[in-house]
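In: sequence plus the predicted model coming up.
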2 protein chains.
Amino acid sequence: MPKSADCPCTGATLTKLVQPALLATLARGPMYGYRIAEELARLPIVKGERPDTTGLYRTLRSMEKRGLVVSKWAQSKVGPDRRLYRLTPAGAACLERWVQTLLDYHRGIADLLAKTKAACVRLRPSRRKGDK
Amino acid sequence: MPKSADCPCTGATLTKLVQPALLATLARGPMYGYRIAEELARLPIVKGERPDTTGLYRTLRSMEKRGLVVSKWAQSKVGPDRRLYRLTPAGAACLERWVQTLLDYHRGIADLLAKTKAACVRLRPSRRKGDK
DNA sequence: GTCCGCTATAGGACGTTATCCTATAGTCGG
DNA sequence: CCGACTATAGGATAACGTCCTATAGCGGAC
């Protein structure tokens, strides 16, 4: 997704499904990177393994540069300071655009799935006539 | 998706949804790049615009290197020669694995969509009490 | 008290992927 | 002959993902 002019929420690319997940998570209130990683790990889409933190932090920074989130340092009682991220109105608007994009993906993948299944059936007339 | 050891059909990444589309298209019979591009342009997932041909040709080459397809030159009566691609058994197996992966994506996106919608509702108590 | 592990953020390096621009070459119609 | 369409492909660059490493606070084990 070269051209960074348009947000991924326009559906320009399928990568970065992390972004809507991230925005949706931040919509529940301000949060910091490490915690967000834990939250994202629970999503079925990333199933289990916690996302690479380096990538996540970089994504957050780039989203801040694009005005979708803002951050400020906050103290912690149990460890090092945290960079607390908060959704901006632009981020909320972006999240709303994601709804349509995700609907498109959902339909598109359903279509692709149907075509893939059909292709598989066509490819394996393995067990034919008396197939039980 | 560094590690090229595992095929995208394992669900390692969301990029390259072109690949199942491509495999499903080739499952209907041998075809060449330019024509595949036309076919892909009809899919709802890429909606309208024909995919970048450079990327498509490179994807085909990499898939050949991975043994999913094989190619041979074929003459054309209406233009320059074409590189005809054909699915291999490995490619067919890959296509079958894609079914489960696409199912996972389908469910994952549905989940993400639900969470995104819920987040949007939470974010806009805009019109509240008497909202008509 | 020191080492180890957990929390928390981040840079460097590298490989992969996507896309823009350009090059090539055959065919056909005006 | 030149432009449009067909057909494939390299170069360059941007974007993205991930591995490795660095820093630093905190708490428990030994």
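Out: Nice, I can see it.
In: could you give the number of residues near the nearest residue to residue A:124 once chain neighbours are set aside?
Out: Nearest non-adjacent residue to residue A:124, counting by CB to CB, 6 or more residues apart in numbering or on different chains: residue B:92, 7.8 Å away. Quick note: C-beta positions are derived from backbone N, CA and C, even for glycine. By the measure other CB atoms under 10 Å in any protein chain shown, the count of residues near residue B:92 is 18.
In: let me know the helix or strand that residue A:71 is in.
Out: strand A:69-74 (DSSP states H and E).
In: how about residue A:113?
Out: helix A:89-123.
In: is any residue of that helix near DNA strand C?
Out: No - using CB under 7 Å from any atom of the strand, helix A:89-123 stays clear of DNA strand C, coming no nearer than 14.3 Å.
In: and that helix, what's buried?
Out: Residues A:91-92, A:94-96, A:98-99, A:101-102, A:105-106, A:108-110, A:112-113, A:115-117, A:119-120, A:123 are the ones in helix A:89-123 that count as buried (16 or more other CB atoms under 10 Å in any protein chain shown).
In: does that helix reach DNA strand D?
Out: No - under the criterion of CB under 7 Å from any atom of the strand, DNA strand D is not reached by helix A:89-123; the shortest gap measures 13.3 Å.
In: okay, angle between that helix and strand A:69-74 too, please.
Out: 120 degrees (axes from the mean of the first three to the mean of the last three CA atoms, to 10 degrees).
In: who are the packing partners of helix A:89-123?
Out: With contacts defined as 3 or more CB pairs under 8 Å, 6 or more residues apart in numbering or on different chains; DSSP states H and E, the packing partners of helix A:89-123 are helix A:18-26, helix B:18-26, helix B:89-123.
In: want to throw those helices into TSV with mean pLDDT?
Out: Listed next are those as TSV, based on pLDDT from 0 to 100:
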stretch	mean pLDDT
helix A:18-26	92
helix B:18-26	92
helix B:89-123	92
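In: surely residue A:60 and residue A:69 touch.
Out: Yes - Residue A:60 sits in contact with residue A:69 when judged by CB atoms under 8 Å, with a separation of 6.7 Å.
In: how many other residues sit next to the residue nearest to residue A:64 when sequence neighbours are not counted?
Out: Nearest non-adjacent residue to residue A:64, counting by CB to CB, 6+ apart: residue A:71, 5.8 Å away. Neighbours of residue A:71 under the rule other CB under 10 Å: 17.
In: hey, what's residue A:71 bridged with?
Out: Beta bridges link residue A:71 to residue A:85 when assigned by DSSP bridges.
In: what's next to stretch A:65-73, contact-wise?
Out: Applying CB atoms under 8 Å, 6 or more residues apart in numbering or on different chains, the contact partners of stretch A:65-73 are A:4, A:7, A:23, A:26, A:60, A:63-64, A:81-88, A:90-91, A:94.
In: just the CA trace of that stretch, in CSV.
Out: Only the C-alpha atoms of stretch A:65-73 are listed here, as CSV (Å, rounded to 0.1, in the frame of the first residue of the first chain):
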residue,chain,number,x,y,z
LYS,A,65,1.2,11.0,12.6
ARG,A,66,-2.0,10.6,10.6
GLY,A,67,-4.0,12.1,13.4
LEU,A,68,-6.1,9.1,14.2
VAL,A,69,-4.8,8.8,17.8
VAL,A,70,-2.9,11.0,20.2
SER,A,71,-0.5,9.9,23.0
LYS,A,72,0.9,11.1,26.3
TRP,A,73,3.1,9.5,28.9
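In: not counting sequence-adjacent ones, nearest residue to residue A:90?
Out: residue A:67 (4.7 Å).
In: shouldn't that neighbour be within a helix?
Out: No - assessed with DSSP: H, G, I helix; E, B strand; the rest coil, residue A:67 is coil; it does not lie in a helix.
In: distance check, it against residue B:65.
Out: 42 Å (CB to CB, to the nearest Å).
In: what about residue A:39, how many residues nearby?
Out: The burial count for residue A:39: 16, using other CB under 10 Å.
In: list the contacts of the closest residue in space to it that isn't next to it in sequence.
Out: Nearest non-adjacent residue to residue A:39, counting by CB to CB, 6+ apart: residue A:25, 5.1 Å away. By CB under 8 Å, 6+ apart, residue A:25 lies in contact with A:31, A:36, A:39-40.
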